[in-house]
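Peer 1: let's see this in three dimensions:
(chains A and B)
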2 protein chains.
Amino acid sequence: MENNPTAPVVDVPGARSRGRGRRPADEVRGDVLRAVGELMLGEGIADLTFERVARLSGVSKTTLYKWWPSKGALALDGYFHAVQETLAFPDTGDIRADLLDQLHAFVRLMTTTPGGRILAELIGESQTDKDLAVAYRNLYSSGRRALAGERLVRAQEQGQLRDDVDVQVVVDQLWGAVYHRLLIPDEPLTEGFVESLVDNLLGGIARR
Amino acid sequence: MENNPTAPVVDVPGARSRGRGRRPADEVRGDVLRAVGELMLGEGIADLTFERVARLSGVSKTTLYKWWPSKGALALDGYFHAVQETLAFPDTGDIRADLLDQLHAFVRLMTTTPGGRILAELIGESQTDKDLAVAYRNLYSSGRRALAGERLVRAQEQGQLRDDVDVQVVVDQLWGAVYHRLLIPDEPLTEGFVESLVDNLLGGIARR
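Peer 2: This is a model prediction of the structure:
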């Protein structure tokens, strides 16, 4: 893509430009999101500023504001990219094992990195900040929902889940249940909790 | 209780005192909580002030602050009492019918009264306000969890739910799933959603 003369390009001041002064926009965006993601997972959201991201990524504040109109939008996009690999949905053909894998990784991210606090505060603020609520859905949650839904639909195609199940409801009963304990911590987020979530939902809780 | 001379009493200025000037504290608290609950379900939380509650209930602001140290605490206690009847857990001996009943009432409260907005904003603010987070758990969520848990344990005793199921995880997979859609509204809170929640969890989603 770097050599495609029709790709959008952007002025990049400073050290990271490769002697040409202009690089494909996608590549620059990727660098910025990487810098933002590392900052957030390392330190949390409090010290995230456009100033600092401009310095770290070598991209002008004007360009940053053009792409991400608010700190919330920048944070969410950076976070989505930072956790994409950790929260990938494996497909070994065994939906039970794959759900346990992914949910354990998700709970670890929520409990052992600033990730949990970041999401909780963004969701919290989005209850009264409409722009942030829209950014949260567009840049984070709806994308995560879609990825989870795809894996669950494949499990239906593989004959492991019932065809008549609305996979988006399953998202609320697994990941939504984790968010519930994250946001209203009456009960702890443990490995046993993850196992119960999957057992209850796959096998059902009614006595036969 | 009103005639029990050892019951705690409280000075009540104004019209509601019954000619004695002092009434049992429990009775006065009940009046205050009723006034707060009506105010919240009618108008929401924005216009709730100690000033106004003092005027409506005839209880001095000093007494109000003694019992509820913050607006959040007053709001949560009033809300809990206001919804207690609507959100009661029926016990007809049929856990499926009873869960559907209660969850439909809960979703209606969230979608057709200011209740949904009130809870969303209180949960939102409690992400950064530690005192409010403690009040939320002590005055609202842990009590609601306990009531749901009691009904689910009775269903286990009645032989309708498996004995090895952790009922508190079920709370996250039913009511927690509703909160997930309330707080992150990627998908709507519908009657069909409630039915899917109960079907998925009681019967299981794995293909047999």
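Peer 1: where does chain A have low pLDDT?
Peer 2: A:1-21 (pLDDT under 70).
Peer 1: again, only this time at 50
Peer 2: For chain A, the stretches flagged by pLDDT under 50 are A:1-7, A:14-18.
Peer 1: next, name the residue at the spatial heart of it.
Peer 2: The centre of chain A sits closest to A:F80, judged by C-alpha atoms, centre = their mean, with a distance of 3.1 Å.
Peer 1: and the helices in chain A?
Peer 2: In chain order, chain A shows helices spanning A:25-43, A:50-57, A:61-67, A:71-83, A:95-112, A:115-126, A:130-136, A:142-157, A:167-183, A:191-203, with DSSP state H as the criterion.
Peer 1: make a markdown table out of those and add distance to B:L132.
Peer 2: All C-beta atoms are positioned from the backbone trio N, CA, C, and that covers glycine. Converted to a markdown table, those look like this (distance: least, C-beta to C-beta, whole Å):
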| stretch | distance to B:L132 |
| --- | --- |
| helix A:25-43 | 25 |
| helix A:50-57 | 30 |
| helix A:61-67 | 33 |
| helix A:71-83 | 21 |
| helix A:95-112 | 21 |
| helix A:115-126 | 11 |
| helix A:130-136 | 19 |
| helix A:142-157 | 27 |
| helix A:167-183 | 13 |
| helix A:191-203 | 25 |
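Peer 1: mind putting those into JSON lines with distance to chain B?
Peer 2: Shown next, in JSON lines, are these (distance: least, C-beta to the nearest C-beta, whole Å):
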{"stretch": "helix A:25-43", "distance to chain B": "16"}
{"stretch": "helix A:50-57", "distance to chain B": "21"}
{"stretch": "helix A:61-67", "distance to chain B": "23"}
{"stretch": "helix A:71-83", "distance to chain B": "12"}
{"stretch": "helix A:95-112", "distance to chain B": "8"}
{"stretch": "helix A:115-126", "distance to chain B": "3"}
{"stretch": "helix A:130-136", "distance to chain B": "7"}
{"stretch": "helix A:142-157", "distance to chain B": "5"}
{"stretch": "helix A:167-183", "distance to chain B": "3"}
{"stretch": "helix A:191-203", "distance to chain B": "4"}
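Peer 1: how is chain A partitioned into domains?
Peer 2: Domain segmentation of chain A under automatic domain parsing yields A:9-81, A:88-203.
Peer 1: which one of those domains is the most hemmed in?
Peer 2: Burial of these is given as mean neighbour count (mean count of other C-beta atoms under 10 Å in any protein chain shown); domain A:88-203 ranks first at a mean of 18.
Peer 1: what about that one, how long is it end to end?
Peer 2: End-to-end distance for domain A:88-203: 24 Å, by C-alpha to C-alpha, to the nearest Å.
Peer 1: over to stretch A:148-166?
Peer 2: 12 Å.
Peer 1: if we can go back for a sec, now the residue nearest to the centre of chain A: how far from A:E27?
Peer 2: Remark: distance between A:F80 and A:E27 (C-beta to C-beta, to the nearest Å) = 18 Å.
Peer 1: check contacts around the nearest residue to A:A73 once chain neighbours are set aside.
Peer 2: In this structure, A:A73 finds its nearest non-sequential neighbour in A:A135, 4.5 Å apart by C-beta to C-beta, 6 or more residues apart in numbering or on different chains. Contact partners of A:A135, counting by C-beta atoms under 8 Å, 6 or more residues apart in numbering or on different chains, are A:S70, A:G72, A:A73, A:L76, A:S126.
Peer 1: what's the answer for A:G149, then?
Peer 2: Applying C-beta under 8 Å, 6+ apart, we find A:G149 in contact with A:V167, A:Q168, A:V171.
Peer 1: how does it look with 6 Å?
Peer 2: Neighbour list for A:G149: A:V167 [criterion: C-beta atoms under 6 Å, 6 or more residues apart in numbering or on different chains].
Peer 1: could you do the one 4 residues further on as well?
Peer 2: For A:V153, the contacting residues are A:V167, by C-beta under 6 Å, 6+ apart.
Peer 1: any chance of the contacts of A:A135 in JSON lines with distance to A:L201 as columns?
Peer 2: Formatted as JSON lines, the contacts of A:A135 follow (distance: C-beta to C-beta, whole Å):
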{"residue": "A:S70", "distance to A:L201": "36"}
{"residue": "A:G72", "distance to A:L201": "32"}
{"residue": "A:A73", "distance to A:L201": "33"}
{"residue": "A:L76", "distance to A:L201": "28"}
{"residue": "A:S126", "distance to A:L201": "27"}
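Peer 1: nearest to A:T111, of these?
Peer 2: A:L76 (20.3 Å; C-beta to C-beta).
Peer 1: wait, that closest one touches A:L139, no?
Peer 2: Yes: in this structure, A:L76 is within contact of A:L139 by C-beta atoms under 6 Å, at 4.1 Å.
Peer 1: could you report the neighbour count for the nearest residue to A:V165 once chain neighbours are set aside?
Peer 2: Excluding the flanking residues, the one nearest A:V165 by C-beta to C-beta, 6+ apart is B:I205, at 4.8 Å. Using other C-beta atoms under 10 Å in any protein chain shown, B:I205 has 26 neighbouring residues.
Peer 1: so B:I205 sits against A:V167, correct?
Peer 2: No: using C-beta under 6 Å, B:I205 makes no contact with A:V167, being 8.9 Å away.
Peer 1: follow-up on the earlier one: how much space separates the residue nearest to A:A73 from A:W68?
Peer 2: 9 Å.
Peer 1: before we move on, what about A:L39?
Peer 2: 14 Å.
Peer 1: contacting residues for the residue nearest to the centre of chain A?
Peer 2: Contacts of A:F80 (C-beta under 6 Å, 6+ apart): A:Y140.
Peer 1: switch to 7 Å and redo it
Peer 2: A:L139, A:Y140, A:G143 (C-beta atoms under 7 Å, 6 or more residues apart in numbering or on different chains).
Peer 1: repeat that for A:R181.
Peer 2: Applying C-beta under 7 Å, 6+ apart, the residues near A:R181 are A:E187, A:L189, B:D172.
Peer 1: run the last query once more with 10 Å
Peer 2: A:107, A:110-111, A:187-190, A:193, B:168-169, B:171-172, B:176 (C-beta atoms under 10 Å, 6 or more residues apart in numbering or on different chains).
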